[in-house]
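1. could you look at this predicted model? Sequence included:
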Amino acid sequence: MSRVLVFVEGQTEETFVRDLLVPYFSRLGIYLTPILAQTSPGHKGGIVSYGKVKHQLTRLCRQDQGAYVTTMMDYYGLPNDFPGLDGHVPDAHEQVARLELALQQDIDAPNFIPNLMLHEFEALLFSAPEKFAEWLDDQALLAPMAAIRGAFATPEHINNSPQTAPSKRILALVPHYKKTVDGPLIAEDIGLDTIRAQCPHFNNWIERLLALPR
């Protein structure tokens, strides 16, 4: 049996872990617990400073050395003081792998498993545009969602500018989209197997967790 504390940056990710990942992994003898980032006393969610993230991750790794600690944080919008962010490689998958390695080295704990979402949680929702349209009961969304998905090799390649990040593209099409409510429910409709098949970096993270002792 393995226990995994999943450090998440917001309520959307917290719900996703609780509703999709926890049941999936618990059947296999791996028990996940989402831990919501604390940005300031009394306020949770959001990554505004790497210093605060490092403090929380280091504490989690030390407090419960019998558990693994992993992260579910967006690559898009990382704070400027994040380790390795001063360098850049053109390929997004290589860049995120480089940043995860820098994070691994900075936290420097044997029970730590770094993971960044490429480019952000909403990328997962492009794994099945038809499910997005069905959930919002608006088939007019299918064509533009499918066109965005078709323009990139994978949902994880949908880029990360303030205008073209996955969440910004969704909001441009669906101004009433509620990230914390709609996002996890749409992901649940899509299903973890489909998301894993469409999003290789996300799948690599899932595979690392599945390889933990049971």
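-> Good, I have the coordinates.
2. distance between stretch 165-179 and the chain's centre?
-> Its chain's C-alpha centre and that of stretch 165-179 lie 17 Å apart, by C-alpha atoms, centre = their mean, to the nearest Å.
3. correction: the previous question concerned stretch 181-201.
-> Mean-position distance between stretch 181-201 and its chain equals 11 Å (C-alpha atoms, centre = their mean).
4. for that stretch, which positions count as buried?
-> Across stretch 181-201, burial judged by 16 or more other C-beta atoms under 10 Å covers 182, 183, 184, 186, 187, 190, 192, 195, 196, 198, 199, 201. Every C-beta, even on glycine, is put in place using the N, C-alpha and C of the backbone.
5. closest to residue 144 out of those residues?
-> residue 186 (15.5 Å; C-beta to C-beta).
6. just the element for that closest one, please.
-> Using DSSP states H and E, residue 186 maps to helix 179-190.
7. name the helices or strands packed onto that helix?
-> Counting contacts by 3 or more C-beta pairs under 8 Å, 6 or more residues apart in numbering; DSSP states H and E, helix 179-190 packs against helix 11-16, helix 129-135.
8. of those, flag the one that's most buried.
-> helix 11-16 (a mean of 22; mean count of other C-beta atoms under 10 Å).
9. who are the packing partners of the strand or helix carrying residue 59?
-> In this structure, residue 59 sits in helix 50-63 according to DSSP H and E. The contact analysis (3+ C-beta pairs under 8 Å, 6+ apart) places helix 50-63 against strand 2-8, strand 38-40, strand 68-74, helix 92-107.
10. swap in 6 Å and give it another go.
-> Counting contacts by 3 or more C-beta pairs under 6 Å, 6 or more residues apart in numbering; DSSP states H and E, helix 50-63 is packed against no other helix or strand.
11. by how many degrees do it and strand 68-74 diverge?
-> Orientation check (axes from the mean of the first three to the mean of the last three C-alpha atoms, to 10 degrees): helix 50-63 against strand 68-74 gives 160 degrees.
12. buried ones in helix 50-63?
-> Neighbour counts over helix 50-63 (16+ other C-beta under 10 Å) mark 50, 52, 53, 54, 56, 57, 58, 60, 61 as buried.
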